[in-house]
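*Asks:* Show me how the following folds:
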Amino acid sequence: MPRKPRMYLPGIPAHVVQRGHNREACFFAHDDYTYYLEVLAQGCRRYDVAVHAYCLMTNHVHLLLTPAHADVGISQVMQHVGRLYVAYINRTYRHSGSLREGRHKASLVEADRYLLACYRYIELNPVAANMVQTPEQYRWSSYTYHARGTPDTLVTEHAIYTSLGETPEMRQRVYRGLFEDRLPGADIHDIRAALAFNHPLGNDRFRGQIERALGRSVGEKQRGRPRADLADNESA
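*Replies:* Numbering: from 1, shown residues only. From the prediction side, this is the model:
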């Protein structure tokens with residue numbers, strides 16, 4: 001079966017997910033998380049890709065990224081991180097064999113409609129996995145930057161986030177308020193289905209814009225309930 005082509009466009013955010021091989025752990029200790037974030041930041045600087053939100057789970061990662069120029073920037077970042085992080089794990093734990101589950105999954109995101117939903121989905125992963133009761137309790141995500149202003153040099157604020165308020169304090173307060181309600185089930189379904197099939201996350205107009213920019217069809221949005229393997233709440 002041919003591989004589904006990647007579709008990244010400059011200035012368009014993408015929700016990216018990379019899993020551990022057979023859903024096995026890919027982070028084992030504090031230093032593993034910090035090293036991953038270090039090489040991610042390095043790769044994003046090198047290939048001019050912005051990180052808007054992230055969450056490092058035990059056996060997978062969620063990233064919300066926007067390439068500034070080249071449409072291959074995100075793929076280059078993921079290759080860079082994968083190469084260095086796998087070498088680090090092999091060296092540190094004398095590990096052999098595959099660490100990652102093949103190619104990463106990704107979907108372009110219609111910012112006006114779905115960007116903040118993706119922020120919430122990504123940063124709520126540890127809560128959905130019953131690892132913590134609130135996203136603020138989880139160390140390895142961008143939540144405390146967005147909600148409390150905790151310094152995080154990896155994060156680049158998207159214009160949708162900065163529009164939440166005129167000052168950082170106002171933005172943080174409004175952002176915390178977004179987490180007082182549960183993320184709608186329809187948004188969760190749409191996010192997971194788009195990732196599963198590498199389809200744009202947005203309405204027909206957005207998908208049409210993507211198709212014209214790419215010069216090819218990107219397929220219809222998947223209908224119905226997503227498969228069981230789309231769930232991202234592994235606690236591992």
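
*Asks:* mind listing the helices for this structure?
*Replies:* Assigned by DSSP state H, the helices in the chain fall at 30-47, 73-93, 111-123, 125-128, 143-148, 159-162, 168-178, 185-196, 204-214.

*Asks:* Quick one: end-to-end length of stretch 133-153, please.
*Replies:* One end of stretch 133-153 sits 26 Å from the other (Cα to Cα, to the nearest Å).

*Asks:* Tally up the residues packed near the closest residue to Y36 other than its chain neighbours, please.
*Replies:* If the residues on either side of it in the chain are set aside, Y36 comes closest to Y85, at 5.5 Å by Cβ to Cβ, 6 or more residues apart in numbering. (Glycine included, C-beta is placed from N, CA and C.) As a burial measure, Y85 scores 22 neighbours (other Cβ atoms under 10 Å).

*Asks:* Might one say that Y85 is in contact with T34?
*Replies:* No. The criterion here is Cβ atoms under 8 Å, and Y85 misses it with T34 at 11.5 Å.

*Asks:* residue contacts, the spatially most distant residue from the centre of the chain?
*Replies:* In the chain, the greatest distance from the average C-alpha position (Cα atoms, centre = their mean) is reached by R94, at 28.3 Å. Not one residue lies near R94 by Cβ atoms under 8 Å, 6 or more residues apart in numbering.

*Asks:* Now it: phi and psi?
*Replies:* phi 50, psi 40 (degrees, to the nearest 10).

*Asks:* Can you check the pLDDT for the nearest residue to E169 once chain neighbours are set aside?
*Replies:* Spatial nearest neighbour of E169, excluding adjacent residues (Cβ to Cβ, 6+ apart): G149 at 7.5 Å. Looking at G149, its pLDDT is 98.
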